[in-house]
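In: Pasting the sequence and the predicted coordinates here, then a few questions.
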Amino acid sequence: MILVTGGAGFIGSNFVLDWLAHVGEPVVNLDALTYAGNLRNLEPLRHDTRHTFVRGDICDRMLIDRLLADHRPRAIVHLAAESHVDRSIQGPSAFIRTNIEGTFALLEAARAYWSRLPEHEQRLFRFHHVSTDEVYGSLDPDASPFTERHAYEPNSPYAASKAASDHLVRAWYHTYGLPVVTTNCSNNYGPLHFPEKLIPLMIVRALAGKPLPVYGDGLQVRDWLYVKDHCSAIREVLARGSAGETYNIGGRNEQTNIDIVRHICALLDELRPDPSGPYARLITHVADRPGHDRRYAIDAGKIERELGWRPTETFETGLRKTVQWYLANAEWVADVQSGAYRDWLAANYAGRGDHTA
Ligand code: NAD
Ligand code: DAU
């Protein structure tokens, strides 16, 4: 079996569902159920005996030791993190705790467990650290996309905490020989995405007839990958990636934020027309994110060449599926829009000029 951390979050829950559908190997899913974790995401597995959910904190060393001793996983897929850049700007301490101290606790528990495995099991064991392209910083408009050899230049508290965790993972390989792999992925989108992030936020707000808050000029560029394609890349790296290596994952799909928002509006105009007029009328430029990275782009050449991985969705098909998923899952959307969610919108958008947040 494998141990997954953060498997009630956006990518984690997609990964667990995808893993059980494609590989079928049992999963122990450790998640603290912060505001971003949602057991509803795992509803299809309610009666699936291959899935064991454990509510707990990755900083809790005794809990991790116990889970490793009881379940004897052959791999750990580490996704648990604080993941939202704007929240890291408003309150960085949770990011330092979970992303750095939590990864440290997990590495130490993994090292103790791994060092006691028989030799052939030690060789096969993997600690797979799921990281981000944000550790590389911001690209100039005409610069080549990030390769695995790009210097680390993190600019937000979130990116800095993920960079620190990447360095810890690297050091545990070089110093202790723990068989780690790290993947650095670009922006994901798709079903089960918490509506604090750009794409689900815009869909949910457009459907509610609320302003669509685009930071600054909206010409910042992100490289978007459909979440199921990220899941298949993690599967490939876990199956055939080499210990000690890092792999960049991306969809070769650079888009400006304003184009994304317009695209969402056009899809909604087609799929759920609003009698009051085109959704693009709701687009509102608001104050920019402090330290906002201008452009991310991933060179996925290494994983394509060495492991033969390719994304299956184009942005056109992936975004259409995503919008359709949000239209078909109004209950999920209503469920995640709790009082805490509304408080977050007020905290993040009130000072930006979007007064109806
Ligand atoms: P998310 O915020 O949707 O989910 C994070 C999950 O981790 C939640 O279920 C939360 O409850 C859990 N968690 C948080 N703190 C925890 C703790 N201390 N102990 C146990 N569980 C805890 O995040 P996501 O977007 O699914 O991202 C998952 C991982 O992928 C993160 O490591 C993130 O850095 C990385 N990543 C995300 C993207 C993206 O576009 N979303 C891209 C590249 C990499
Ligand atoms: O690049 C990978 C990263 O992508 C992951 O590591 C992070 O966990 C994930 O959150 C994401 O970070 P971003 O900051 O790129 O994603 P976000 O959806 O927050 O923002 C995408 C872009 O949209 C960014 O340029 C900021 C802009 N934006 C975002 C919000 C929430 C807006 O213009 N308005 C908004 O309201």
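Out: Perfect, thanks for sending it. Just so it is clear, the structure is predicted and the values come from calculations on it, not from any experiment. Numbering: from 1, shown residues only. Ligands and ions are numbered 1, 2, ... in the order given.

In: CA only for contacts and neighbour counts going forward, please
Out: Noted.

In: how far away is residue 261 from ligand 1?
Out: According to C-alpha to the nearest ligand atom, to the nearest Å, residue 261 and ligand 1 sit 16 Å apart.

In: What residues does the stretch 51-200 of the chain have near ligand 1?
Out: Counting by C-alpha under 6 Å from any ligand atom, the stretch 51-200 of the chain comes close to ligand 1 at 56-59, 79-83, 98, 130-132, 185-188.

In: Could you pull up the residues touching residue 333?
Out: Residues near residue 333 by C-alpha atoms under 8 Å, 6 or more residues apart in numbering: 204, 326.

In: Give me the phi and psi angles of it.
Out: Main-chain torsions, residue 333, degrees, to the nearest 10: phi -60, psi -50.

In: got it, and residue 215?
Out: phi -70, psi 130.

In: Repeat that for residue 52.
Out: Residue torsions, per degrees, to the nearest 10, at residue 52 are phi -120, psi 120.

In: need the contact list for it.
Out: By C-alpha under 8 Å, 6+ apart, the residues touching residue 52 are 27, 28, 29.

In: for the residues you listed, which one is nearest ligand 2?
Out: Of all these, ligand 2 sits closest to residue 29, with 19.5 Å by C-alpha to the nearest ligand atom.

In: neighbouring strands for the host helix or strand of the closest one, and are they parallel or not?
Out: Per DSSP states H and E: residue 29 is located in strand 27-31. Sheet pairing here is set by DSSP bridges, and for strand 27-31 it gives strand 2-5 (parallel), strand 51-55 (parallel).

In: Residue 178 is nearest to which of these?
Out: Nearest to residue 178 among the strands paired with strand 27-31 is strand 2-5; the distance by C-alpha to C-alpha comes to 16.0 Å.

In: tell me which strands and helices the following helix or strand past the closest one is in contact with?
Out: Downstream of strand 2-5, the next assigned helix or strand under DSSP H and E is helix 10-22. With contacts taken as 3 or more C-alpha pairs under 8 Å, 6 or more residues apart in numbering; DSSP states H and E, helix 10-22 sits against strand 2-5, helix 227-240.

In: Can you tell me which of the ones you listed is packed in deepest?
Out: A comparison of the helices and strands packed on helix 10-22 by mean neighbour count, using mean count of other C-alpha atoms under 10 Å, puts strand 2-5 on top with a mean of 23.

In: And for it, what's in contact with it?
Out: With contact meaning C-alpha under 8 Å, 6+ apart, strand 2-5 is reached by 12, 16, 25-31, 58, 73-80.

In: ok, now stretch 57-73?
Out: 1-3, 5, 28, 30-32, 56, 80, 97-98, 101-103, 105-106, 109-110, 113.

In: quick one, helices of this protein?
Out: For the chain, helices defined by DSSP state H occupy the ranges 10-22, 61-71, 85-90, 93-95, 103-115, 119-124, 157-176, 198-207, 227-240, 257-271, 301-307, 315-328, 330-336, 339-349.

In: Who are the contact partners of residue 32?
Out: Residue 32 makes contact with 6, 55, 56, 57, 58 under the criterion C-alpha under 8 Å, 6+ apart.

In: What residues does residue 100 make contact with?
Out: Applying C-alpha under 8 Å, 6+ apart to residue 100 gives the contacts 161, 162, 164, 165.

In: repeat that with 7 Å
Out: Residues near residue 100 by C-alpha atoms under 7 Å, 6 or more residues apart in numbering: 161, 164, 165.

In: could you measure the last one against residue 343, distance?
Out: Think residue 165. Distance from residue 165 to residue 343, counting by C-alpha to C-alpha, to the nearest Å: 29 Å.
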